[in-house]
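Colleague: this is the structure alone, sequence omitted:
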């Protein structure tokens with residue numbers, strides 16, 4: 001029996017992406033949904049709106 005597990009993660013860093021816990025979690029959440037919209041199985045670092053590309057990413061295809 002094979003079991004496959006996928007993971008999408010959003011990363012936001014204090015104090016670079018937010019000044020308080022609520023805003024930091026919201027930024028990480030937006031980055032996670034960006035990871036999912038790119039097909040999942042990846043991590044995306046939050047990029048504020050208007051800052052260029054929609055976040056950097058890493059993927060795992062194991």
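Modeller: The structure has been received and is ready for your questions. Just so it is clear, the structure is predicted and the values come from calculations on it, not from any experiment. Numbering: from 1, shown residues only.
Colleague: how close does the residue nearest the centre of the chain sit to residue 23?
Modeller: The chain has residue 10 as the residue nearest its centroid, 2.1 Å off, counting by C-alpha atoms, centre = their mean. For residue 10, the distance to residue 23 (C-beta to C-beta, to the nearest Å) stands at 13 Å. C-beta coordinates here come from the backbone N, C-alpha and C atoms, glycine included.
Colleague: what helix or strand does the residue nearest to the centre of the chain sit in?
Modeller: Assigned by DSSP states H and E, residue 10 belongs to strand 8-11.
Colleague: quick check: mean pLDDT across that strand?
Modeller: Mean per-residue pLDDT for strand 8-11: 96.
Colleague: by contact count, what packs against the next helix or strand after it?
Modeller: Counting by DSSP H and E, the next helix or strand C-terminal to strand 8-11 is helix 21-37. Under the contact criterion of 3 or more C-beta pairs under 8 Å, 6 or more residues apart in numbering; DSSP states H and E, helix 21-37 touches strand 8-11, strand 42-45.
Colleague: let me have these in CSV, extended by distance to residue 19.
Modeller: Output for these, formatted as CSV (distance: least, C-beta to C-beta, whole Å):
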stretch, distance to residue 19
strand 8-11, 17
strand 42-45, 18
